[in-house]
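1. only geometry, no sequence info:
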């Protein structure tokens, strides 16, 4: 699941949305583990939040590009 930015750029919009959904689920699980004291590396939370932001940015860029092509 942990894909780098170049691999994410190669995905289509459906792939990006699926990856976003999986990342949000992972963030939820990490938050629960952190709250119960089971999370050893809290830096994982930051990595997942950044991946979610990156995915949202890529999805928005695709939407803007599609709207510009439709003009």
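-> Arrived safely. Keep in mind that this is a model prediction, so the values were computed, not measured.

2. From here on, just use CA atoms for contacts and neighbour counts.
-> Will do.

3. Give me the buried positions along the helix or strand hosting residue 64.
-> Per DSSP states H and E, residue 64 falls inside helix 43-69. Neighbour-count burial for helix 43-69 flags 45, 48, 51-52, 55, 58-59 (criterion: 16 or more other CA atoms under 10 Å).

4. quick check: mean pLDDT across that helix?
-> Mean pLDDT, computed over helix 43-69, is 94.

5. What are the buried residues along stretch 20-28?
-> 20, 23-24, 26-27.

6. Which members of those residues occur in helices, if any?
-> Of those, the ones assigned to helices by DSSP state H are 20, 23-24, 26-27.

7. Closest one of the buried residues of stretch 20-28 to residue 35?
-> Ranked by distance to residue 35 (CA to CA), the buried residues of stretch 20-28 are led by residue 27 at 12.2 Å.

8. Just give the nearest non-adjacent residue to the closest one, would you?
-> For residue 27, ignoring the flanking residues on the chain, the nearest one in space by CA to CA, 6 or more residues apart in numbering is residue 48 at 6.1 Å.

9. do the same with residue 9
-> For residue 9, the nearest residue in space outside its immediate sequence neighbours is residue 58; the separation is 7.3 Å by CA to CA, 6+ apart.

10. Same question for residue 26.
-> Residue 26 sits nearest to residue 48 (CA to CA, 6+ apart), 7.5 Å away.
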